[in-house]
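K.L.:
my questions concern the predicted model and sequence given below.
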Amino acid sequence: MVNHGNVIGAGIRVEGSVRGTGELEIEGHVSGSVELNGDLGVHAGAEVEGTVSATSLDVTGTIRGPVNAQNRVSIGATGVVEGDISAPEISVDPKARVTGRFEMPIDLPRGLGAKSSSIARR
């Protein structure tokens, strides 16, 4: 993950929602939702307790709550997610810990018929 200047540092605790545009790195603790129109990194040792929404998300810390990304979610070896994950692309390191379900929107080929009705679509 690259630091682009917007950081909630390791010694910082935020109680309440974080919203904005741009890139953000979380190294501290956020107790509340994070809604970001940009890329978000939750670093090792960081914790987020609440709903997380971003353009793209890299997790090596802990998120307790549902996660939604417009592009992708990547969970590294030290990452922990306790909540459902929704994104077009989801990657999980084999050493990561995830409790929840994955939802990935897909475009089904034409002609799949009745079988397509059993697959959740967005």
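P.N.:
Done, it's in. As the structure is a prediction and not an experimental result, all values here were calculated from the model. Numbering: from 1, shown residues only.

K.L.:
mind listing residues that contact the one helix or strand Gly41 maps to?
P.N.:
Secondary structure from DSSP states H and E places Gly41 in strand 39-42. The contact list for strand 39-42, computed with CB atoms under 8 Å, 6 or more residues apart in numbering, reads 1, 23-26, 34, 48, 52, 54-63, 79. In this view, the C-beta of every residue, glycine as well, is placed from N, C-alpha and C.

K.L.:
buried subset of those as a PyMOL selection?
P.N.:
Entered in PyMOL, the line below selects the buried ones among the contacts of strand 39-42, by 16 or more other CB atoms under 10 Å:
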select buried, resi 23+24+25+26+34+48+52+54+56+57+58+59+60+61+62+63+79
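
K.L.:
keep only those of the contacts of strand 39-42 that are in strands.
P.N.:
If you go by DSSP state E, these have 24-26, 34, 48, 52, 54-59, 62-63 in strands.

K.L.:
turn these into JSON lines, including distance to Gly100 and pLDDT.
P.N.:
Compiled in JSON lines, these are given as follows (distance: CB to CB, whole Å; pLDDT from 0 to 100):
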{"residue": "Leu24", "distance to Gly100": "22", "pLDDT": "96"}
{"residue": "Glu25", "distance to Gly100": "23", "pLDDT": "97"}
{"residue": "Ile26", "distance to Gly100": "19", "pLDDT": "97"}
{"residue": "Val34", "distance to Gly100": "17", "pLDDT": "97"}
{"residue": "Val48", "distance to Gly100": "14", "pLDDT": "98"}
{"residue": "Val52", "distance to Gly100": "12", "pLDDT": "98"}
{"residue": "Ala54", "distance to Gly100": "17", "pLDDT": "97"}
{"residue": "Thr55", "distance to Gly100": "20", "pLDDT": "97"}
{"residue": "Ser56", "distance to Gly100": "19", "pLDDT": "97"}
{"residue": "Leu57", "distance to Gly100": "14", "pLDDT": "98"}
{"residue": "Asp58", "distance to Gly100": "17", "pLDDT": "98"}
{"residue": "Val59", "distance to Gly100": "12", "pLDDT": "98"}
{"residue": "Thr62", "distance to Gly100": "13", "pLDDT": "98"}
{"residue": "Ile63", "distance to Gly100": "10", "pLDDT": "98"}
